[in-house]
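Peer 1: when you get a sec, could you give me coordinates for this:
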Amino acid sequence: MSPHAVVNEFAKMRRLKVGLLAAVMVVGVAGLSVFSSITSPDFADPAKRSWETLLAGLSLAMPLASPLLLAVLASRQVDIEHQGNGWLSSATAGLTPGGLCRVKLAAVGVIVAAGTVLESVLVLGAGLVLGVSKPVPAGLWLGFTLCMAVTNLVLLAFHILFAAKIDNQLVGLGVGVLGTLIAVFATGLPAALAHMTPWGYYALAKAADYQGGHLVMLSPSYPSVAALAVLGAALFLLATGRFDRQEA
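Peer 2: Numbers count the residues shown, from 1 in each chain. Have a look, this model is predicted:
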């Protein structure tokens, strides 16, 4: 992968206002997480404020806000190639369509991964400011953040491939809306059904939820998310490899 090609993608991002979209995603997720926490009855008494409430807020906010915004990020980054015949220009410069998709994932993936970490850090900081006195469950928080970052990156890869094949941005955005619905409703589905779509992994990675009327911490399904990462990477490489062969 050419460093120059990655730098070129970052240059395109400035024109496409990708940074602004990423900021909207970060602020939206962090804001929704904190809002859902401070309005929860479990957070009303300062002496009883807990990290479970904030983790539950994050576990709800990420699947609610991320899928559509990931679709928008991928669609904008790819649509510029459809509009400006960038696929041919890149191929002329020695960068195949599949290679260009891989470069786009690397460039936008850095933004998405950093945004996911920042969302988590902001909510953690909000908990400290709001006076949560219990020790931070650092291991769980880190594991949850990593699982959410992996899920976001797999969905980003999917939307990059989808946008590369379908040049109508509205179709990709429609898939993003559908993904949001699946991600939200997956929290009430059996784990076997949540495994059936990549959006269901938001539910598998949640770190806190209500059980029997009580808010409890949960352990994210690390093996499932790891399997998603491996499968997602393999399918992305296979699909982009096919793009290269078709172009040849």
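
Peer 1: CA only for contacts and neighbour counts going forward, please
Peer 2: Noted.

Peer 1: start and end of stretch 125-141, how far apart?
Peer 2: Length of stretch 125-141, first residue to last, CA to CA, to the nearest Å: 12 Å.

Peer 1: next, the buried residues of that stretch.
Peer 2: 126-127, 132, 140-141 (16 or more other CA atoms under 10 Å).

Peer 1: residue ranges of the strands in the chain, please?
Peer 2: 208-211, 214-217 (DSSP state E).

Peer 1: mind checking which of these is nearest F185?
Peer 2: strand 208-211 (13.8 Å; CA to CA).

Peer 1: still on that earlier bit, looking at the buried residues of stretch 125-141, which are in helices?
Peer 2: Those of the buried residues of stretch 125-141 mapping onto helices are 126-127, 140-141, per DSSP state H.

Peer 1: quick one: which two of those residues are the most distant?
Peer 2: Checking those with CA to CA, the most distant pair is A126 and L140, at 17.2 Å.

Peer 1: against which helices or strands is the helix-or-strand element of the chain with minimal mean pLDDT packed?
Peer 2: Every helix and strand in the chain was compared by mean pLDDT, DSSP states H and E; the lowest is helix 86-92, with a mean of 76. With contacts taken as 3 or more CA pairs under 8 Å, 6 or more residues apart in numbering; DSSP states H and E, helix 86-92 sits against helix 97-129.

Peer 1: would you mark the buried spots in the helix it packs on?
Peer 2: Applying 16+ other CA under 10 Å to helix 97-129 flags 97-109, 111-113, 115-124, 126-127 as buried.

Peer 1: tell me the contacts of the residue nearest the centre of the chain?
Peer 2: Compute the mean C-alpha point of the chain, and by CA atoms, centre = their mean the closest residue is N152, 2.3 Å away. Contact analysis of N152 by CA atoms under 8 Å, 6 or more residues apart in numbering lists 66-67, 70, 112-113.

Peer 1: turn those residues into CSV, including distance to G200.
Peer 2: Conversion of the contacts of N152 to CSV gives the following (distance: CA to CA, whole Å):
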residue, distance to G200
S66, 13
P67, 11
L70, 15
V112, 19
A113, 19
